[in-house]
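S.K.: Next one to model:
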Amino acid sequence: MQQAEFDSLVSPRDPNRRDFVRTAVGGSFAAAVLPVAAQTLITTDSAGLVVGEVTIPVGDFRMPAYRAAPANRPNAPLVLVVSEIFGVHAHIADVARRLAKAGYFAVAPQLFVRQGDAAAYTEIPRLMSEVVSKVPDEQVMRDLDATVAWAGGQGADTVKAGITGFCWGGRITWLYAAHSPQMKAGVAWYGRLVGDKTALQPMQPVELASQLRAPVLGLYGGQDSGIPLDSVERMKTALAAGSVAAKQSRFVVYPEAGHAFNADYRPSYRADAAQDGWKRALAWFAEHGVG
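M.R.: As a prediction, the model looks like this:
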């Protein structure tokens, strides 16, 4: 989307939305999620960290990403952070800093950038139809592979690597755990498990469950209308018949939580589920060799 197109979609009295497209990756919130719920917003400082935007080579393409890593811990274990449909905005950057505070070299690549500027869209349906739906799974797997290679060149420990993702990124977490031999563990937050096959999404997590190379912890909401609990049960059945890593995978379902319960900048945030999920995520990584 060009700047003039974006300006025509927002009110002149809304400078925060209009100015977002000029900020760095992770520097502000995506336009589609404004205004944020400031009363619950978690902000993690960068003291003791190396943080900021980086670019990652993928062939001839330079992919932007947000990196957060401990300043004084060489060879910190890598954790890939895969965003929601809104791209790498301020919340995802904050998650990366939280992981860095826990001792990880966290990288959140901007995986939609070839298809469009997810941060600039004010309407979620248009964002989905014009950007997100056009992102091929194969492209995402290649971009994440490139991110792992880049992080290794920056001193991250890619032998003890993990991945976590939210919503759209939760689905990608399952896919990448089946794709990459370098991942030791994954944590998928409310990622879709089933769906129709398309040219861009030829396989869904339930179809790849038996092929997992790394165990995944699934954190889901019992009140998530977009991910019914029967799809979780289907995934559990598929995992039970799969690889060693598949059999090691687990689900935690928070009965009173809905979708995006970790998104502290949105009304969907549920502090009890989010805090418990975060503790479980760090414990899962530690249990399975990420760190």
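S.K.: rest of the way, CA atoms for contacts and neighbours
M.R.: Fine.
S.K.: give the contact list for the most centrally placed residue in the chain.
M.R.: Closest to where the C-alpha atoms of the chain average out (C-alpha atoms, centre = their mean) is V82, at 2.3 Å. Contacts for V82 (C-alpha atoms under 8 Å, 6 or more residues apart in numbering) come out as A108, P109, I163, T164, G165, F166, G169, G170, I172, T173.
S.K.: ok, how many other residues are close to F61?
M.R.: F61: 10 surrounding residues under other C-alpha atoms under 10 Å.
S.K.: Kindly report the same for A76.
M.R.: By other C-alpha under 10 Å, 23 other residues sit near A76.
S.K.: Return, as residue ranges, the portions of this structure with sub-threshold pLDDT.
M.R.: For the chain, the stretches with pLDDT under 70 are 1-23.
S.K.: could you pull out the helices for it?
M.R.: 3-9, 15-20, 90-101, 124-130, 137-153, 168-179, 205-208, 229-240, 244-248, 271-287 (DSSP state H).
S.K.: Could you give the number of residues near T198?
M.R.: T198, neighbours per other C-alpha under 10 Å, totals 10.
S.K.: and what of Y190?
M.R.: 26.
S.K.: Could you measure from the closest residue to G242 other than its chain neighbours over to R192?
M.R.: Counting by C-alpha to C-alpha, 6 or more residues apart in numbering, G242 lies nearest to S210, which is 3.6 Å off, once chain neighbours are set aside. S210 is 17 Å from R192, where distance means C-alpha to C-alpha, to the nearest Å.
S.K.: so E53 sits right up against Y66, yeah?
M.R.: Yes. Counting by C-alpha atoms under 8 Å, E53 touches Y66, with 4.6 Å between them.
S.K.: if we can go back for a sec, give me the beta-bridge partners of the residue nearest to the centre of the chain?
M.R.: G165 (DSSP bridges).
S.K.: Not counting sequence-adjacent ones, nearest residue to A93?
M.R.: Closest to A93 by C-alpha to C-alpha, 6+ apart is G26, at 5.0 Å.
S.K.: what's that neighbour in contact with, if anything?
M.R.: Under the criterion of C-alpha under 8 Å, 6+ apart, the neighbours of G26 are G52, E53, Y66, V88, H89, A90, H91, I92, A93.
S.K.: give me that answer again for 6 Å
M.R.: By C-alpha atoms under 6 Å, 6 or more residues apart in numbering, G26 lies in contact with V88, H89, A90, A93.
S.K.: roughly how far apart are it and Y220?
M.R.: 25 Å.
S.K.: do the same with L99
M.R.: 20 Å.
S.K.: Neighbour count: those two, which is higher?
M.R.: Legend: neighbour count by other C-alpha under 10 Å for L99 and Y220, higher for Y220 (30 against 23).
S.K.: Who does that one form a beta bridge with?
M.R.: V253.
S.K.: Could you measure from it over to A273?
M.R.: 9 Å.
S.K.: just A199 next, same as before
M.R.: A199 is 35 Å from A273, by C-alpha to C-alpha.
S.K.: Who has more neighbours out of those two?
M.R.: More neighbours surround A273 than the other of A199 and A273, with 21 against 8 (other C-alpha under 10 Å).
S.K.: Now do the same contact list for the more buried one.
M.R.: So A273 contacts nothing (C-alpha under 6 Å, 6+ apart).
S.K.: Sweet, I'm off.
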